[in-house]
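Chemist: Below is the structure, and that's it, no one-letter string:
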């Protein structure tokens, strides 16, 4: 199964020393979806207040919190933001983009958190939106 990477590329798998990728996934479709999500992110970015980002930063900085605890907090924040932002888009799409916008803002605020934030965000997106992403790519 091919996995969508954050840069819009697909991951491949090594088989017999050669990189193989899933030919069923259309790269143009993935690029179009990535461009649409980036455009939506640009529009939603102004709705994410610095206070929300700083609160999440504090959670990521707290090494006593597990990845699961941070992910639960991130999930709550994403749901609250999605409800507060009027949108005619699918709720899943708004929440997916908000998760990516929050990730970007946190890393821009505190760059040394990149690994922890990225790992948590990828796990969050995989848990919450895996089926939605698969549906977007296969549609």
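Modeler: Right, received. Where do you want to start? Remember, it's a predicted structure, so these values are computed and weren't measured experimentally. Numbering: from 1, shown residues only.

Chemist: C-alpha from now on. contacts and neighbour counts both.
Modeler: Noted.

Chemist: Can you name the helix or strand that the spatially most central residue of the chain falls in?
Modeler: Compute the mean C-alpha point of the chain, and by C-alpha atoms, centre = their mean the closest residue is residue 100, 3.8 Å away. If you go by DSSP states H and E, residue 100 is part of helix 91-109.

Chemist: which residues are in contact with the helix or strand hosting residue 57?
Modeler: Residue 57 is part of helix 50-61, with elements assigned from DSSP H and E. Contacts to helix 50-61, defined as C-alpha atoms under 8 Å, 6 or more residues apart in numbering, come from residues 65, 70, 73, 74, 77, 102, 105, 106, 110, 113, 116, 117.

Chemist: Next SSE downstream of that helix?
Modeler: With elements assigned by DSSP H and E, the helix or strand that comes after helix 50-61 is helix 67-84.

Chemist: Return the set of buried residues in that next one.
Modeler: By neighbour count on 16 or more other C-alpha atoms under 10 Å, the buried set for helix 67-84 is 67, 70, 71, 74, 75, 77, 78, 79, 81, 82.

Chemist: For the chain, which residues score under the pLDDT cut-off?
Modeler: Confidence mapping of the chain against pLDDT under 70 gives the ranges 1-25, 139.

Chemist: change it to 50
Modeler: Counting by pLDDT under 50, the ranges of the chain that qualify are 1-4, 7-8, 10, 13-20, 23-24.

Chemist: In it, where's the longest helix?
Modeler: What stands out as the longest helix in the chain, according to DSSP state H, is helix 114-138.

Chemist: other SSEs contacting that one?
Modeler: Where contact means 3 or more C-alpha pairs under 8 Å, 6 or more residues apart in numbering; DSSP states H and E, helix 114-138 is packed against helix 27-45, helix 67-84, helix 91-109.
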